[in-house]
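Peer 1: Below is the sequence, then the predicted model.
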Amino acid sequence: MNDNRRNFLKIGSLAGLGLASGSVLAACQTKTEGNATATSIAAAAGQQAGSQIFNMSGYKAPKLDKVRIGFVGLGMRGPHAVERMSYIEGVEIKGLCDIRPKQIDKVLKTLEGTNHKPDLYSDGPDDWKKMFDRDDIDLVYIATPWALHTPMAVYGMEAGKHVAVEVPAAKTIDECWQLVETSERTKKHCMMLENCCYDFFELLTLNMARQGYFGEIIHGEGAYIHDLVDLNFNKNGYESMWRLEENIGRDGNLYPTHGLGPICQIMNVNRGDQMDYLTSLSSNDFSMHQRAVDLAKEDNFFQEYTDAAFRGNMNTTMVKTKNGRSIMIQHDVSSPRPYSRIHVVSGTEAMARKWPSPERIAKGHSWLKEDEMKAVEEKYTPEIIKKVGDLAKQVGGHGGMDFIMDWRLIDCLRNGLALDQDVYDAALWSAITPLSEQSVANRAQSVDVPDFTRGSWKTNAPVDISLQGAGNTNVLIGK
């Protein structure tokens, strides 16, 4: 009865956000258990046999002088995105959507004194569709709970909009294929908002790899190690406890993309290399169940969580690529550890490591000295950091990387440039979650990784992180 109630509450909370349609609810009712992803993987195998509709890798959409944006989801991430975008030249904020009018009112205050006068959408569970269906919006920015990401992204592309969607872009393999097929058919960008690809050291090491500093890349490591127990169990944290619910009945790497994205770009995954197979193992849960029990002693609200099947504390997933490289990805949001995304790059000539701080680079068996590090940074700092790095630190957003991501997206759309992250990245990086769940449920047995490019990875060009003669989008400090 508790499981049934929890599923009911999960669906009800999404409907309560005012962002769920019938198709969304159907997706939410799918519960991943054991080898329940097998059907999705079989479907994916069938999809792979088909031909590519249109290759979105390197696709340059027609230039947009103005990028007119509609935002949906104004909880934890959305409000900051609205404010960041208000500083960027060529942006028009046309719509704000959330079922909670108070959230919209808070965001409107950040736009006071600007030229942005968005229309507001908070009237019922399908109001977001009205915003998506408008003819005067070019880009929809999705910052809702995870289960809504794919349904909204697909609807947006079908409505003729480019899509920027928070991580993860999809929860199942079927959803990954939906994103790919829709983007290819509509020729609309679907970018997952993986902000960590735009952090300063990650961009530095990407540029170093592009210029051969590390030699042949052998191995990479990434992670999301972030103690979220207090926040996940906070009744005033995530709306309707949705993120805590995501950690129930699913055991694998539920949030792989922060550590994985930068490593995939450095290894040219989807553009010269491809994931082949993975194996995944989780520890038991030593934290979340006990927290639920402790809280239930004081507050009956948490009683339903005392019998929940929480995911294990630490998940470690290993990936082998077609070209023989290896990737380790870890996920732990319930152990009392310092924050870390690890970010290790290991090559035949050098290596880099970001955590624990300070950031380090090694040649041979020794870390570079301080003056040597400064010389490397001076030589390899990419154009984008030189252009907007200092401004990004002023605007903020996880130290500035969020702003760099948003600025880069707008600059690419305004200049008709290919995006750094395309729909194949969104699908592949998100697919780690259901694939890892299947491996964990089968005693860490290896699982094949679908090729969402359908073989085009062999000829796709690596990401060009230079400004490519563009970079002409100004930052309007002070709005």
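Peer 2: Received it, and whenever you're ready, just let me know what you need.
Peer 1: rest of the way, CA atoms for contacts and neighbours
Peer 2: Noted.
Peer 1: who's in contact with stretch 156-176?
Peer 2: With contacts defined as Cα atoms under 8 Å, 6 or more residues apart in numbering, stretch 156-176 is touched by 37, 40-41, 43-44, 132-133, 137-144, 146-147, 149-150, 153, 182-183, 186, 188-194, 255, 257, 426-428, 430-431, 433-434.
Peer 1: run the last query once more with 7 Å
Peer 2: For stretch 156-176, the external contacting residues (Cα atoms under 7 Å, 6 or more residues apart in numbering) are 40-41, 44, 132-133, 138-143, 146-147, 149-150, 153, 182-183, 186, 188-194, 255, 426-427, 430-431, 434.
Peer 1: What's the PyMOL syntax to select whichever of the residues you listed are buried?
Peer 2: Here is the PyMOL command that selects only those of the contacts of stretch 156-176 that count as buried (16 or more other Cα atoms under 10 Å):
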select buried, resi 40+41+44+132+138+139+140+141+142+143+146+147+149+150+153+182+183+186+188+189+190+191+192+193+194+255+426+427+430+431+434
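Peer 1: Just the contacts of stretch 156-176: which are in helices?
Peer 2: Of the contacts of stretch 156-176, the ones assigned to helices by DSSP state H are 40-41, 44, 132, 149-150, 153, 182-183, 186, 426-427, 430-431, 434.
Peer 1: Find the pair from those residues with maximum spatial separation.
Peer 2: 41 and 132 (30.5 Å; Cα to Cα).
Peer 1: ok, back up a step: which member of the ones in helices among the contacts of stretch 156-176 is positioned nearest residue 419?
Peer 2: Nearest to residue 419 among those is residue 426, at 11.9 Å by Cα to Cα.
Peer 1: And the helices in the stretch 151-300 of the chain?
Peer 2: Listed in chain order, the helices found in the stretch 151-300 of the chain under DSSP state H, counting those that start in this stretch are 173-186, 200-210, 229-232, 242-246, 257-266, 288-296.
Peer 1: which one of the ones you listed is the most hemmed in?
Peer 2: helix 257-266 (a mean of 26; mean count of other Cα atoms under 10 Å).
Peer 1: for the stretch 1-150 of the chain, what are the low-confidence residue spans?
Peer 2: Across the stretch 1-150 of the chain, residues meeting the criterion (pLDDT under 70) sit at 1-49.
Peer 1: now with 80?
Peer 2: Low-confidence segments of the stretch 1-150 of the chain, defined by pLDDT under 80: 1-50.
Peer 1: Strands of the stretch 201-350 of the chain, start to end?
Peer 2: Using DSSP state E, counting those that start in this stretch, the strands of the stretch 201-350 of the chain run over 217-225, 275-282, 315-321, 326-332, 344-347, 350-353.
Peer 1: Now do the contacts for the closest residue in space to residue 77 that isn't next to it in sequence.
Peer 2: Of all residues not flanking residue 77 in the chain, residue 143 sits nearest, at 6.2 Å (Cα to Cα, 6 or more residues apart in numbering). Residues near residue 143 by Cα under 7 Å, 6+ apart: 72, 73, 74, 77, 78, 165, 166.
Peer 1: Tabulate those residues in a markdown table, adding columns for distance to residue 370 and secondary structure.
Peer 2: Listed next are the contacts of residue 143 as a markdown table, based on distance: Cα to Cα, whole Å; DSSP: H, G, I helix; E, B strand; the rest coil:
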| residue | distance to residue 370 | secondary structure |
| --- | --- | --- |
| 72 | 45 | strand |
| 73 | 43 | coil |
| 74 | 42 | coil |
| 77 | 36 | coil |
| 78 | 38 | helix |
| 165 | 39 | strand |
| 166 | 36 | coil |
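Peer 1: how about those residues, which pair is most distant?
Peer 2: Farthest pair in those (Cα to Cα) is 74 and 165. Separation: 13.2 Å.
Peer 1: Apart from its neighbours in sequence, what residue is nearest residue 324?
Peer 2: Nearest one to residue 324, counting by Cα to Cα, 6+ apart, is residue 218 at 7.9 Å.
Peer 1: Residue 121 now?
Peer 2: If the residues on either side of it in the chain are set aside, residue 121 comes closest to residue 97, at 4.5 Å by Cα to Cα, 6+ apart.
Peer 1: what do you get for residue 132?
Peer 2: Nearest residue to residue 132, sequence neighbours excluded (Cα to Cα, 6+ apart): residue 156, at 5.9 Å.
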